[in-house]
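Participant: pasting the sequence and the predicted coordinates here, then a few questions.
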Amino acid sequence: MPRRNTLVLIIILALFAFAASALAYPLFGRQDMRLGLDLQGGLHIVYQADLSNVEPGEEASIMEGVIAVINNRINPLGVTEPVIQKQGQDRILVQLPGLSITDKEKERLSRVALLEFGELAADDEEAKWENELGRWKPATAVIGGEEKELTSQYFKENTYVSQDSLGRILLVFEWDEEGSQLSEEITSRLINQPLGIFEGTEALLGEDGLPIAPIVRSTIRDRGQIEGLSLNEATSLSAQLNAGRLPVPLEILYDQTVSPILGAGFVDMSVKAGIIGIIIVMLFMIIYYRLPGVLASMALIFYGALVLAIFKLIPVVLTLAGLGGFILSIGMAVDANVLIFERMKEEFRTGRTLGAAIETGFNRAWTAIRDGNVTTLIVCGILYWLGSSIVASAPVMGFALTLGIGVTVSMFTAIVVTRTLLRLFVGTGLGQQKSLFTVYSGKK
Amino acid sequence: MLDIIGKRFWFLLISGVVILISIVSLAVFGLSPGVEFSSGSILTVSFEQEVEQDELKQELANLGHPNTIIQRTGAGDFLIRTPELSGEEKTQLKDALTTRFGGLTESEFYSVSPMVATETASNAAIAVAIAAIGVLLYVTWAFHRMPKPFRYGTSAIVALIHDALVAVGVFSILGGLLGWEINLMFITGILAVIGYSVNNTVVVFDRIRENLKLGVSPDFEVVVNNSLVETLGRSLNTSLTTLFVVLALLFFVGVSIQNFAIVLLIGVIVGTFSSICIAPTLLVVWEKGEWGRLVRWLPLPAVRGMRE
């Protein structure tokens, strides 16, 4: 028995050393704990794609197109681990951890980036757009026997921003072959009339806040320019026109945007709560159970290191709720120890030796520990399912995962580690002093 | 030896009153669903200058957001809860607030559309139902070797529902009085409480099972009471260590995790009470066929209380 105990002790110490070094140094390419959006800041958006105008059977390829375009738009933002994936049939999940983003930048992510050109509609014609300049219909021309609308889909992907001699900002574009023909037809027809520029349901607005609708002075064949945009707007629009437009409009279903500063505060607060929680629990265990309490505290430190190392190595994405689950599991981790120690005291009182009391205490407490923890694990499993089935998944899944891992590991640390440490005292002088085990011979 | 079971009618009376208050509160106040279940937006901002909550509320009403709920966090930020805001509406709102109150920083924006809210609410309801069934199956299995396993299972489930009901009831009071809303963390907390409650009850029942096997006493009441007294130290100590960490969460992490921490706080306290005073008590009342006696006894303390 003692020899086997020494072996187990060596394994435990090796495991502890492994856990501690996994936390202190990068291991298997894991540098740091992976933090969720709520802790490191960033963006979690779910878009709903409007597939109502898509041919049946085309949905999947359209969605691939949407994801490719969003990817192109996100790349320049320099996010280390962006997540862009399809959810269900028509949703796209975008997670950009650590990113600090302005409202404008966020809007641009899901912007269709399709410019449509319009001409004034006659009174008896149906208008697609209406604004202070009048009622507008799409500018069209017949090419190859087919009526086509003039839009930015005929732009070559080489638009750029320039300035004229007066310092005005120009967005310069070039028509492709089909676009040149359309443009030639339309502009020659609209000489001295306005050509409206629209994006979605709204007119494209200039820096002055007014709709951009230049008067056509001459026929435009190969290249054109849009005047009046702010530098910022022109730059981003140019980039988006080149990176490609979205094939279908997107609507925001779910949006969580957290500033990195706020997230950092939560990490500090959680760490503080965790440390204070663990200290109070250890003090309580030591004051109440004396020597076994000291050993349980050591097991608890081992528990903390092991669980955090597992979080880092899997890796588990830590959210605020996940940290809450971990901190809660610290309080629950000593439950198995409490069960065992209470049992040991009873056995000790009936006159057993320390060795016998330890073994009986652990054996008798086992069924209660097992049965009690199974319910917590059932609940964790159900919570994990709930988290995986909903959009706002992070808090629920984080909690379920950390609590589940915590409960499982605690069964090991509280039973194996504490028992191994306790066995070291069997047959030693300390093991004879019952007061160290809060058992007094006079007390019932 | 401490006689816990002897006071069983008192415990049942206390629980009955608390449950009654919870049910009345649920009927009167109901529960206010948060954005995750009812859709809407929460904008968290901090102002450079000192801003009064009333002024902010007034200004938001002027801006066309009359039913806004405003909450102040420990760090001095304001949580502004409105119906769902589009990106453009949010920008307008921030601009208007900047004009009125000076510089502000947006620290968090959270927005849930009605479609997602409906999905979340229904899936959360399904999860709670599955959890209840899962725990029921487990408890039935865990006690299948005991005499009359059905009674143990039922008593554990009654204790579980008791704990969940009290936690929900307290939240409905908090919702009615302080405008607290229930969110996903609340549901998570309730499920954690359910797990915790059964855990505690199982430990007590486990000891009853053992003592019945040992044949400690022919009197079931004595067996149950002995088991309770023997496990009392464990029940209280585990609850204390859990309470310590829950309080640490509540005091050091604050508003963002408040719902969760409060549910756990209530759940741990009520769960400890029910595992000691309700679940085993029900077993004894059932074993002795005392339901009639309980009913006859009930009016007495109320009458006695009035006389005193």
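Facilitator: Thanks, I have the structure now.

Participant: which pLDDT does the model give residue 1?
Facilitator: Using chain A. If you check A:M1, the pLDDT there is 51.

Participant: wait, chain B was what I had in mind.
Facilitator: 75.

Participant: which non-adjacent residue is nearest it?
Facilitator: B:V229 (5.8 Å; C-beta to C-beta, 6 or more residues apart in numbering or on different chains). For the C-beta atoms, the positions are set from N, CA and C on the backbone; glycine is no exception.

Participant: and the strand or helix carrying the one you found, what's buried?
Facilitator: Taking DSSP states H and E as the criterion, B:V229 maps to helix B:220-252. Using 16 or more other C-beta atoms under 10 Å in any protein chain shown as the test for burial, helix B:220-252 gives B:220-231, B:233-235, B:237-250, B:252.

Participant: wait, a strand at A:K148?
Facilitator: Yes. Assessed by DSSP: H, G, I helix; E, B strand; the rest coil, A:K148 belongs to a strand.

Participant: what sits closest to A:E119 if chain neighbours are left out?
Facilitator: Spatial nearest neighbour of A:E119, chain neighbours left out: A:A139 (4.5 Å); criterion: C-beta to C-beta, 6+ apart.

Participant: so which bits of stretch B:159-170 are buried?
Facilitator: Buried residues in stretch B:159-170 (16+ other C-beta under 10 Å): B:159-160, B:162-170.

Participant: near chain A, which residues of the stretch 201-308 of chain B are found?
Facilitator: B:202-203, B:206-207, B:210, B:230-231, B:233-234, B:237-238, B:240-246, B:248-249, B:251-254, B:256-257, B:260-261, B:264 (C-beta under 8 Å from any C-beta of the partner chain).

Participant: sec struct for the residue located most distally from the centre of chain B, please.
Facilitator: Of all residues in chain B, B:T99 has its C-alpha farthest from the mean position, at 41.9 Å, by C-alpha atoms, centre = their mean. Following three-state DSSP, we place B:T99 in the helix state.

Participant: which residues of the stretch 1-150 of chain B score low on pLDDT?
Facilitator: B:74 (pLDDT under 70).

Participant: thought A:G179 was touching A:G224, still the case?
Facilitator: No. With contact defined as C-beta atoms under 8 Å, A:G224 does not count as touching A:G179 (9.6 Å).

Participant: among those two, which residue is more densely surrounded?
Facilitator: Shown here are A:G224 and A:G179; by other C-beta atoms under 10 Å in any protein chain shown, A:G179 has more neighbours (23 against 19).

Participant: now the more buried one: how far from chain B?
Facilitator: A:G179 sits 30 Å away from chain B, going by C-beta to the nearest C-beta, to the nearest Å.

Participant: show me the strands in chain B, by range?
Facilitator: Using DSSP state E, the strands of chain B run over residues B:40-47, B:69-72, B:78-82, B:104-112.

Participant: next: the stretch 1-150 of chain A.
Facilitator: Ranges of strands within the stretch 1-150 of chain A are A:42-49, A:83-87, A:91-97, A:115-120, A:129-131, A:134-138, A:140-143, A:146-149, based on DSSP state E, counting those that start in this stretch.

Participant: any chance of a markdown table for those strands, columns mean pLDDT and mean neighbour count?
Facilitator: Below are the strands of the stretch 1-150 of chain A laid out as a markdown table (pLDDT from 0 to 100; neighbours: other C-beta atoms under 10 Å in any protein chain shown):
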| stretch | mean pLDDT | mean neighbour count |
| --- | --- | --- |
| strand A:42-49 | 91 | 23 |
| strand A:83-87 | 89 | 13 |
| strand A:91-97 | 90 | 21 |
| strand A:115-120 | 89 | 22 |
| strand A:129-131 | 87 | 16 |
| strand A:134-138 | 89 | 19 |
| strand A:140-143 | 86 | 14 |
| strand A:146-149 | 87 | 14 |
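
Participant: in TSV: those, plus distance to A:V258.
Facilitator: Formatted as TSV, these follow (distance: least, C-beta to C-beta, whole Å):
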stretch	distance to A:V258
strand A:42-49	6
strand A:83-87	15
strand A:91-97	10
strand A:115-120	33
strand A:129-131	37
strand A:134-138	40
strand A:140-143	46
strand A:146-149	41
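
Participant: so which of the ones you listed is nearest B:L137?
Facilitator: Evaluated over the strands of the stretch 1-150 of chain A, closeness to B:L137 peaks at strand A:83-87, with 31.3 Å, by C-beta to C-beta.

Participant: max-length helix in chain A?
Facilitator: As assigned by DSSP state H, the longest helix anywhere in chain A is helix A:260-313.

Participant: for it, which helices and strands make contact with it?
Facilitator: helix A:2-24, helix A:37-40, helix A:320-333, helix A:335-349, helix A:394-412, helix A:418-423, strand B:104-112, helix B:220-252 (3 or more C-beta pairs under 8 Å, 6 or more residues apart in numbering or on different chains; DSSP states H and E).

Participant: tell me the angle of the longest one relative to helix A:335-349?
Facilitator: Relative orientation of helix B:220-252 with respect to helix A:335-349: 140 degrees, computed using axes from the mean of the first three to the mean of the last three C-alpha atoms, to 10 degrees.

Participant: okay, the angle between helix B:220-252 and helix A:260-313?
Facilitator: Following the same axes, to 10 degrees, one obtains 130 degrees for the angle between helix B:220-252 and helix A:260-313.

Participant: ok now helix B:220-252, how far from the chain's centre?
Facilitator: 17 Å (C-alpha atoms, centre = their mean, to the nearest Å).

Participant: so it versus helix A:320-333, what angle?
Facilitator: Using the same axes, to 10 degrees: helix B:220-252 against helix A:320-333 is 140 degrees.

Participant: repeat for the fifth one
Facilitator: Between helix A:394-412 and helix A:320-333, the angle comes out at 20 degrees (the same axes, to 10 degrees).

Participant: and helix A:394-412, what's its mean pLDDT?
Facilitator: When pLDDT is averaged along helix A:394-412, the result is 89.

Participant: same question for the last one.
Facilitator: When the per-residue pLDDT values of helix B:220-252 are averaged, the result is 91.

Participant: what packs against it?
Facilitator: helix A:260-313, helix A:320-333, helix A:335-349, helix B:184-214, helix B:258-273, helix B:279-288.

Participant: so of these, which one's packed in deepest?
Facilitator: Comparing the helices and strands packed on helix B:220-252 by mean neighbour count (mean count of other C-beta atoms under 10 Å in any protein chain shown), helix A:320-333 comes out on top with a mean of 27.

Participant: chain center to it, what's the gap?
Facilitator: 20 Å.

Participant: now do stretch A:154-162
Facilitator: Using C-alpha atoms, centre = their mean, the offset of stretch A:154-162 from its chain centre is 34 Å.

Participant: mind listing what's buried in that stretch?
Facilitator: Neighbour-count burial for stretch A:154-162, with 16+ other C-beta under 10 Å as criterion, is recorded at A:154-155, A:159, A:161.

Participant: give me the mean pLDDT for that stretch.
Facilitator: 87.

Participant: interface residues of the stretch 151-300 of chain A facing chain B?
Facilitator: Counting by C-beta under 8 Å from any C-beta, the stretch 151-300 of chain A sits next to chain B at A:251-259, A:261-262, A:265-266, A:269-270, A:272-274, A:276-278, A:280-281, A:284-285, A:288.

Participant: again, only this time at 10 Å
Facilitator: Contact residues, the stretch 151-300 of chain A versus chain B (C-beta under 10 Å from any C-beta of the partner chain): A:251-263, A:265-266, A:268-285, A:288-289, A:300.

Participant: sorry, back to before: so who does the residue nearest to A:E119 touch?
Facilitator: Applying C-beta atoms under 10 Å, 6 or more residues apart in numbering or on different chains, we find A:A139 in contact with A:116-120, A:148-151, A:182-183, A:185-187, A:189-190, A:195-197.
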